[in-house]
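**Student:** Whatever this is, show me its structure:
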Amino acid sequence: MAPTLSITGDAAADELLSTDPLALLLGMLLDQQVAMETAFAGPEKLRQRLGKLDAGEIAHHDADALVEVFKQTPAVHRFPGSMAARAQALCAAIEQDWGGDAAAIWTRDAPTGAEVLRRLKGLPGFGEQKAKIFLALLGKQYGLDAEGWREAAGAYGAEGTYLSVADIVDPESLTRVREAKRAAKAAAKKA
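**Tutor:** Reported below is the predicted structural model:
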């Protein structure tokens, strides 16, 4: 089943996310301190500026030159230096540990949901929460059917929720996810 993601509001960016596992991982990596649409549109900007997305090429790209790619208008991220370094570290791990194949993280040796979560948490820039959200995105929208993925993703894997990018399928669901995030921040602030 080929996924058709609708995260950014930009057809080319969403198409890339839908067809390129590295783009999806990079989008998730960039999803911090910027709007989700901006983060997940980042891989398309990189593809346009670099000519293609390739984990090995990004891993070995001159670090200063990659920062300049991130800085071009419109910027890939509001923190181009640190995010270029994180993207490079992620791509280096994909090249070294997964033979440059980002999808192998969730496909090699038919892993369970718990194993996919463990693999994701082993990636640079992927902590517990980001790994669970990404696992939920894989399961809810990308066709992952690994045994136990919903349980491994925790609350993000539950059906009928609007907690994260994993739940965005249209403008209405984006609004609902934003509302849930605002409510969670407000509750955390009160606590």
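
**Student:** going forward, measure contacts and count neighbours with C-alpha atoms only.
**Tutor:** Fine.

**Student:** for stretch 117-131, the distance to its chain's centre please.
**Tutor:** Relative to its chain's centre, stretch 117-131 lies at 11 Å (CA atoms, centre = their mean, to the nearest Å).

**Student:** Then stretch 30-45?
**Tutor:** Using CA atoms, centre = their mean, the offset of stretch 30-45 from its chain centre is 9 Å.

**Student:** which residue ranges form the helices in the protein?
**Tutor:** Under the criterion DSSP state H, the chain contains helices at 11-19, 21-30, 36-50, 55-60, 63-71, 80-98, 104-107, 113-121, 128-141, 149-153, 171-190.

**Student:** Give me whichever of these is most buried.
**Tutor:** When neighbours are counted by mean count of other CA atoms under 10 Å, the highest per-stretch mean among those falls to helix 21-30, a mean of 24.

**Student:** my read: Ala12 touches Glu44, true?
**Tutor:** Yes. Using CA atoms under 8 Å, Ala12 is in contact with Glu44, at 7.2 Å.

**Student:** just for the chain, where's the confidence low?
**Tutor:** Residue ranges of the chain with pLDDT under 70: 1-3.

**Student:** ok, the spatially most central residue of the chain to Lys45 distance?
**Tutor:** Centroid-nearest residue in the chain, with CA atoms, centre = their mean: Met28, separated by 1.9 Å. Counting by CA to CA, to the nearest Å, the separation of Met28 from Lys45 is 14 Å.

**Student:** Same question for Arg108.
**Tutor:** For Arg108 relative to Lys45 (CA to CA), the value is 28 Å.

**Student:** contact partners of stretch 50-61?
**Tutor:** With CA atoms under 8 Å, 6 or more residues apart in numbering as the test, stretch 50-61 has contacts from 22-23, 43, 46-47, 69, 87-92, 94-95, 100-101.

**Student:** likewise stretch 141-150?
**Tutor:** By CA under 8 Å, 6+ apart, stretch 141-150 touches 1-5, 18, 106, 110-114, 135-136, 138-139, 156-158, 166.

**Student:** repeat that for 7 Å
**Tutor:** Applying CA atoms under 7 Å, 6 or more residues apart in numbering, the external contacts of stretch 141-150 come out as Met1, Pro3, Pro111, Thr112, Gly113, Ala114, Ala136, Leu138, Gly139, Gly157, Ala158, Ala166.

**Student:** Just put these in JSON lines and tack on distance to Asp145.
**Tutor:** Listed next are the contacts of stretch 141-150 as JSON lines, based on distance: CA to CA, whole Å:
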{"residue": "Met1", "distance to Asp145": "11"}
{"residue": "Pro3", "distance to Asp145": "13"}
{"residue": "Pro111", "distance to Asp145": "10"}
{"residue": "Thr112", "distance to Asp145": "9"}
{"residue": "Gly113", "distance to Asp145": "8"}
{"residue": "Ala114", "distance to Asp145": "12"}
{"residue": "Ala136", "distance to Asp145": "11"}
{"residue": "Leu138", "distance to Asp145": "9"}
{"residue": "Gly139", "distance to Asp145": "6"}
{"residue": "Gly157", "distance to Asp145": "12"}
{"residue": "Ala158", "distance to Asp145": "14"}
{"residue": "Ala166", "distance to Asp145": "15"}
